[in-house]
Structures are given as C-alpha cells and as structure tokens.
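**Q** how would this look folded up:
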Amino acid sequence: MDRPRQITIIGAPLDFGAGRRGVDMGPSALRLAGLNAKLQAIGYGVRDLGNVQVAQQETIDEGAPDAKYLPAIAKCCAELAQIVNDVVEKRQFPLVLGGDHSVAAGTVAGVAHSFRQRQQKIGVIWIDAHADMNTPETSPSGNVHGMPLASCLGLGPKQLTDIFGYAPKVAGRNTVLIGLRDVDERERQTVRQLGVVAFTMRDIDELGLRKVMEQAIAAASDGTAGFHLSLDMDAVDPDEAPGVGTPVRGGMSYREAHLSMEMVCDSGQMLSMEVVEVNPVLDSANRTALLGVELVTSAMGKKIL
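**A** Here you go, the predicted model:
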C-alpha cells in the first residue's frame with residue numbers, strides 16, 4: 001500500500017478523561033520537540049491544522065461519577081472524528097496528537113467511517129500499558145481515558161460508540177493490544193469476550209517483540225484496508241518516558257519501542273496514527289515528547305541506514 005506523502009497533524013488537547021492534569025499540553029510539547037520539521041526532513045509534506053477546540057475543565061461540571069466529563073469528551077471526539085474523516089477522504093495521512101487517550105474514540109471513528117464509505121474495514125493496533133476497555137459500569141475511577149478502546153468495539157456510552165450513527169467501528173479479531181501490564185479485573189473479561197488479540201509484557205519477554213509485532217500486524221491487517229496505530233506513551237518504560245499520567249514499571253525499552261514502529265512502517269499497512277498521554281507537567285526536559293517524536297518518525301519511515 002502506498003502511504004500518502006502528505007501528513008495532516010491535528011492536536012486534540014483533551015484532559016477531561018484522565019485523573020491527573022497536564023496532558024492538554026501534550027500537543028504543544030510534541031510540536032516543540034520538532035515534530036513538523038522532522039517529518040518534513042524525511043520527505044513528507046506537513047499540514048498542521050492546529051488544535052480541536054476544548055473547553056477549560058474548570059468551566060464545566062464533572063457530571064456523572066462513572067463517566068466524568070462525558071458530554072465534553074464526546075463533543076471533542078465527534079469534532080475530531082469529522083476532521084479525521086475529511087483528512088482520510090483527501091488521501092492524506094492523519095496524525096493526531098493527544099491529549100488523553102479518550103481522543104482515540106474520535107480518531108478511530110473518523111478513519112473507520114471514511115473506509116466504511118468505500119466498503120472497507122480497518123484494524124487497530126493499540127500500544128499501551130493499559131487495556132482501556134472499561135465501561136461506566138466496570139470502571140473503578142470513572143475516568144473516560146480508560147474506556148476508548150471499548151467504545152471503538154461498541155461497548156460503553158452511546159455518545160462515544162455511536163459517532164457517525166453506528167457501532168462498532170472495528171472488530172475484536174482485528175484489534176490488537178500490545179504492552180499490557182496493568183489491567184482491571186473486569187477488563188480482562190471484556191478483552192476475552194470481544195476476541196481482542198492481546199500481548200502482555202510477559203508475551204513480549206517470552207516471544208520477543210519481533211514475533212509479537214508480526215502477529216499483531218497480521219491480525220490487524222486480516223481482511224482490512226490496513227490499521228490505525230494508537231500509541232500511548234505509557235507503553236514505554238517510565239525510565240525512558242517519565243512524562244505520562246499513569247506510569248507503570250516494566251514497560252517497553254527504548255529499542256523495543258523503536259522496533260515496534262519500524263515494523264509498523266515496513267508493513268505498509270498503517271492508515272493513521274495518534275500519540276497520546278504526553279504530560280509535560282510530569283516530564284523531565286520534555287524527554288517524553290522528544291521520544292514520542294522519534295517514534296513517530298520511525299513509524300513514518302526514518303531509518304538508521
């Protein structure tokens with residue numbers, strides 16, 4: 001598959017879905033780390049649409065405790081979905097900068113809808129320490145950034161599952177989780193129930209990342225036009241990526257993270273990408289955003305030789 005040579009960047013500075021503040025500055029941190037120039041340096045045309053408009057958290061009510069700030073999150077995701085759909089329709093590559101991971105409900109909806117208009121399906125590769133497959137009924141915290149993958153698979157609040165008027169956006173068998181090491185008890189049941197392909201850090205330790213990525217790419221590409229890549233920076237070990245809201249020890253190493261991106265690139269099957277959960281407030285000298293930019297450029301084709 002020929003990847004579009006035009007990348008369109010969309011910032012989604014949403015921080016309503018997380019328990020800790022600061023990820024609303026993630027898009028700025030990634031841009032400050034030289035994202036646009038580094039993509040241009042490897043041969044892409046880059047168009048930056050700026051940021052989706054997001055209300056200030058202090059100006060709105062938290063709402064229901066089992067899905068905090070849901071109306072504001074759903075509004076942002078619906079707007080993001082339309083923008084992403086339009087970008088894909090123009091045969092450009094959408095690159096979304098979060099914000100917390102709840103923005104993925106919008107990104108995936110936009111990509112899936114565009115390909116649905118062509119009678120095609122998409123897959124999803126979700127690289128994350130967490131499964132993000134809670135619903136309001138199962139979430140211990142009520143934080144919506146723990147729910148977006150469930151929403152993409154058709155479970156959860158209709159404001160997120162039914163963007164563009166249908167659900168699910170992706171099938172469980174074409175959805176792959178990589179890097180898991182912190183999963184809620186009831187999420188485990190949901191992962192199995194929906195037939196999601198899941199690789200924990202133990203799987204990476206035992207099989208090696210190359211084998212994991214080969215199987216992941218095969219599953220996400222099976223019968224689809226390609227896949228969306230959702231990269232939560234907390235998938236990487238906090239020694240390498242300290243600036244995330246929910247760090248968990250024992251994550252991917254620096255080289256494992258790069259290899260995953262390099263293999264995604266080599267597959268030729270990536271349709272879109274997002275980088276989420278960069279929190280400059282918790283970071284050291286913008287290290288996490290700098291690594292995020294490195295990983296994006298690896299996914300987009302930057303090579304060592």
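
**Q** can you give me the helices in the stretch 201-305 of the chain?
**A** Listed in chain order, the helices of the stretch 201-305 of the chain (DSSP state H, counting those that start in this stretch) span residues 201-207, 209-221, 254-267, 287-299.

**Q** in a markdown table, list the ones you listed along with mean pLDDT, mean neighbour count and distance to residue 76.
**A** (Glycine included, C-beta is placed from N, CA and C.) Below are these laid out as a markdown table (pLDDT from 0 to 100; neighbours: other C-beta atoms under 10 Å; distance: least, C-beta to C-beta, whole Å):
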| stretch | mean pLDDT | mean neighbour count | distance to residue 76 |
| --- | --- | --- | --- |
| helix 201-207 | 98 | 15 | 31 |
| helix 209-221 | 98 | 20 | 26 |
| helix 254-267 | 98 | 20 | 26 |
| helix 287-299 | 98 | 23 | 20 |
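
**Q** can you redo the ones you listed as CSV with distance to residue 233?
**A** CSV is the format used below for the helices of the stretch 201-305 of the chain (distance: least, C-beta to C-beta, whole Å):
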stretch, distance to residue 233
helix 201-207, 15
helix 209-221, 17
helix 254-267, 9
helix 287-299, 6
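
**Q** nearest to residue 112, out of those?
**A** helix 209-221 (12.8 Å; C-beta to C-beta).

**Q** now the closest one: how far from the chain's centre is it?
**A** Chain-centre distance of helix 209-221: 17 Å, with C-alpha atoms, centre = their mean, to the nearest Å.

**Q** stretch 180-194 now?
**A** 18 Å.

**Q** what residues sit buried inside that stretch?
**A** Neighbour-count burial for stretch 180-194 flags 180, 181, 182, 183, 184, 187, 190, 191, 194 (criterion: 16 or more other C-beta atoms under 10 Å).

**Q** same question, stretch 61-81
**A** 66-81.

**Q** stretch 9-23 too?
**A** 9, 10, 11, 12, 13, 14, 15, 16, 17, 18, 22, 23.

**Q** let's see the stretch of helix or strand the first one belongs to as PDB, backbone CA atoms only.
**A** The reference is to residue 9. Secondary structure assigned from DSSP states H and E places residue 9 in strand 6-12. Extracted C-alpha coordinates of strand 6-12, given in PDB (Å, rounded to 0.1, in the frame of the first residue of the first chain):
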ATOM      1  CA  GLN A   6       1.000  14.400   2.900                       C
ATOM      2  CA  ILE A   7       0.700  14.200   6.700                       C
ATOM      3  CA  THR A   8      -2.000  16.300   8.400                       C
ATOM      4  CA  ILE A   9      -1.500  17.000  12.100                       C
ATOM      5  CA  ILE A  10      -4.400  17.500  14.400                       C
ATOM      6  CA  GLY A  11      -4.000  18.500  18.000                       C
ATOM      7  CA  ALA A  12      -6.600  17.200  20.500                       C
END
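
**Q** ok now it, how far from the chain's centre?
**A** For strand 6-12 - counting by C-alpha atoms, centre = their mean - the centre lies 14 Å from the chain centre.

**Q** what comes into contact with it?
**A** 27-28, 31, 35-36, 39, 44-52, 54, 76, 80, 83-84, 87, 90-99, 103, 106-107, 300 (C-beta atoms under 8 Å, 6 or more residues apart in numbering).

**Q** so what does the next helix or strand after that strand touch, helix or strand wise?
**A** Per DSSP H and E, the first helix or strand lying C-terminal to strand 6-12 is helix 26-32. In this structure, helix 26-32 makes packing contacts with strand 6-12, strand 93-98, strand 270-276, helix 287-299, judged by 3 or more C-beta pairs under 8 Å, 6 or more residues apart in numbering; DSSP states H and E.

**Q** any idea which of those gets closest to residue 256?
**A** helix 287-299 (10.9 Å).

**Q** packing partners of the closest one?
**A** helix 26-32, helix 35-41, strand 227-232, helix 254-267, strand 270-276.
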